[in-house]
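In: model the following, please.
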Amino acid sequence: MVIPERLRRWLGPRNLQLAFGIFAVVAGASIALRQDAHHPLFQSAGTVGYAVATVLSVGSWLALGRAPSAARARRILIAFHLLFIPAQFLFLLAHQLPWLGMLLSTMITAGLKPRFPRLGRIARKVWLTLHIGIGVGWLGISLAMLTLSVVGVTADSHAVRHGAYLLMDTFNLALAIPSVFLAIITGVVVSLGTPWGLIKHRWVVAKLIIALSLPVLATFEGPWIDELVARSADPAARPGGTGILLVGAMALFLALLWTATILSVFKPGGRTRWGRRESPRGRPAATAEGTVQPATGTSRRGLAVADRAGLNA
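Out: Prediction:
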């Protein structure tokens, strides 16, 4: 499909950034004025976050219109939106408008056509260690929350039932939600800073889809936990269907995290068409098995140098 030139100009990063600034004003005000927000902390975070986004959007719109400052503004916007996309998942706990914000941020980032430098050997290991550690912690948190959801449904004691849902609420706010944000950020940095890339290998794309689907699932899970905390305060009340739904959601959450873990170990599927297209002739290409295979004309010495450089991680 050929996009008309006028529409392409209107959908350019500069105009989209101005549109994002207008959206940020509306979203920030809507979040700040909402009276029934279940999570005041994320309501405050959303208000402040969109206020910062408004100022940055106006400044960037002006900077992108001037050649001397355009390159610097472009780099700032790429970094900002890559961080702000997962941040807006957290704002969903206060309002539904951030769905549109994430779409605009994604369109702006794609329109800026970012290029990312390779991480050095030490930096790559540091980011990879952070990503693995956060992922393992997230897996343990999910198992604990699944256990608590089962206890809440099956316990005969009111104190145990109410305590289980109170602990789930604490785990969700203090541990699970920060883990979502940090796991996505570290995973994107590791992907973009190494030859694996973000869309070059099928297993990486599958992990990205899982990582983005989990915050969507959390937007349903959070209100269910809030409802059950309030309901279980009454000794005569039972969790009912909401308790069963929460158990199912937490089981799905844990299954998806285990799927992501298995994908990280076995790396199935090979390269996507973008990965095959971007694999340069005469340079080593990372395979799905985690090794480096020489392309046409690559010498054994070149392969050894690439291995020492850590490209097969």
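
In: next SSE downstream of the biggest helix by length in the chain?
Out: Using DSSP state H, we find that the single longest helix of the chain is helix 121-154. Under the assignment DSSP states H and E, the closest C-terminal helix or strand after helix 121-154 is helix 158-171.

In: what sits up against that next one?
Out: 141, 144-145, 148-149, 151-152, 155, 225-226, 228-229, 232-233, 235, 239 (Cβ atoms under 8 Å, 6 or more residues apart in numbering). C-beta here means a position set from N, CA and C on the backbone, and glycine is covered the same way.

In: give me the buried entries from those.
Out: 141, 144-145, 148-149, 151-152, 155, 225-226, 228-229, 232, 239 (16 or more other Cβ atoms under 10 Å).

In: let's have those in a markdown table, adding pLDDT and distance to residue 77.
Out: A markdown table is the format used below for the buried ones among the contacts of helix 158-171 (pLDDT from 0 to 100; distance: Cβ to Cβ, whole Å):
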| residue | pLDDT | distance to residue 77 |
| --- | --- | --- |
| 141 | 96 | 33 |
| 144 | 96 | 38 |
| 145 | 97 | 36 |
| 148 | 97 | 41 |
| 149 | 97 | 40 |
| 151 | 96 | 46 |
| 152 | 96 | 44 |
| 155 | 94 | 50 |
| 225 | 94 | 35 |
| 226 | 92 | 35 |
| 228 | 95 | 41 |
| 229 | 94 | 40 |
| 232 | 93 | 46 |
| 239 | 92 | 46 |
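
In: might one say that residue 224 is in contact with residue 248?
Out: No: using Cβ atoms under 8 Å, residue 224 is not in contact with residue 248; the gap is 10.2 Å.

In: picking up where we left off before, out of the buried ones among the contacts of helix 158-171, who's nearest residue 44?
Out: For the buried ones among the contacts of helix 158-171, the residue nearest residue 44 by Cβ to Cβ is residue 226; the value is 17.4 Å.

In: helices or strands up against the helix or strand harbouring the closest one?
Out: When elements are assigned from DSSP H and E, residue 226 belongs to helix 202-231. Secondary-structure packing of helix 202-231 (3 or more Cβ pairs under 8 Å, 6 or more residues apart in numbering; DSSP states H and E): helix 67-91, helix 158-171, helix 177-192, helix 240-266.

In: one more pass at 6 Å, please.
Out: Judged by 3 or more Cβ pairs under 6 Å, 6 or more residues apart in numbering; DSSP states H and E, the packing partners of helix 202-231 are helix 158-171, helix 177-192, helix 240-266.

In: tell me the pLDDT at residue 174?
Out: What the model reports as pLDDT for residue 174 is 89.

In: OK, contacts around it?
Out: By Cβ atoms under 6 Å, 6 or more residues apart in numbering, residue 174 lies in contact with nothing.

In: would it count as being in a helix?
Out: Yes: according to DSSP: H, G, I helix; E, B strand; the rest coil, residue 174 belongs to a helix.
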